[in-house]
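A.B. asks: Sharing a sequence plus its predicted fold:
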Amino acid sequence: MTPQLQNILIGAVTASFIPFISFCYSKYKRWNELRKIKEMLFKEYIDPLDELTNELNRTTESEYRTELRLIHKRMDYLLENEIKYMSSDNQFEIIRMIEYTKMYLFQLNEILKEYTFHDITPVIKDESQDKQPEMKELTTKYKNTINAYKDLKRDYLVKEKDLQ
């Protein structure tokens, strides 16, 4: 290898190194921003609902519904008044994550509305206890699939056949 060729190769590697570092930094910055938004969604909206699910019974069901409505309103506000003014490369993904969370809230509300028939017996059974495992399963499914929804690899939380 001649010294001129060696200098050309060193120059090419050096010239491509700086854009590569810049590219990696911007990718990391986007990833970290999405991670922070997802953590905020979990901390502010999902985890408090999950804690309420643990304590769900006939008396706390109205409190749970109120919390669902409140969180839904906060999500709408976040979408309409904050995210649309955000100047970020991740704006589309953030909107997708918020919409997916709203879909999750809707499904929780549908589970609460569900009427399960029980035989008339002298023992009064709390129907809310029956809904807890289904709600927990939905929460786990939501947490496991939010990234796929954000990345356009998934377009549903619960399929039609899952509802039946």
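C.D. replies: Yes, it's here. Remember, it's a predicted structure, so these values are computed and weren't measured experimentally. Residues are numbered from 1 along each chain as shown.

A.B. asks: which helix of this protein spans the most residues?
C.D. replies: Among the segments of the chain that qualify as a helix by DSSP state H, the longest is helix 3-41.

A.B. asks: now it: how far from the chain's centre is it?
C.D. replies: For helix 3-41, the separation from the chain centroid amounts to 28 Å (computed by Cα atoms, centre = their mean, to the nearest Å).

A.B. asks: Now do that helix, average pLDDT.
C.D. replies: When the per-residue pLDDT values of helix 3-41 are averaged, the result is 91.

A.B. asks: Go through that helix and flag the buried ones.
C.D. replies: Of the residues in helix 3-41, those buried by neighbour count under the rule 16 or more other Cβ atoms under 10 Å are 33-34, 37-38, 41. Any C-beta I mention is one placed from the backbone N, CA and C, and that applies to glycine too.

A.B. asks: Ok, stretch 61-78 next?
C.D. replies: 61, 64, 67-68, 71-72, 75, 78.

A.B. asks: Let me know the closest of the residues you listed to Y149.
C.D. replies: Of all these, the one with the least separation from Y149 (Cβ to Cβ) is M75, at 14.8 Å.

A.B. asks: got the contact list for E63?
C.D. replies: L52 (Cβ atoms under 8 Å, 6 or more residues apart in numbering).

A.B. asks: Show me which positions of the helix or strand where L112 lies end up buried.
C.D. replies: L112 is part of helix 91-113, with elements assigned from DSSP states H and E. Along helix 91-113, these residues count as buried under the neighbour rule (16+ other Cβ under 10 Å): 93-98, 100-102, 104-105, 107-108, 111-112.

A.B. asks: can you check stretch 43-51 too?
C.D. replies: 45-46, 49-50.

A.B. asks: Quick check, central residue of this structure?
C.D. replies: Among the residues of the chain, I146 comes closest to the average C-alpha position under Cα atoms, centre = their mean, at 4.4 Å.

A.B. asks: That one and R35 touch, don't they?
C.D. replies: No. Counting by Cβ atoms under 8 Å, I146 stays clear of R35, with 11.5 Å between them.
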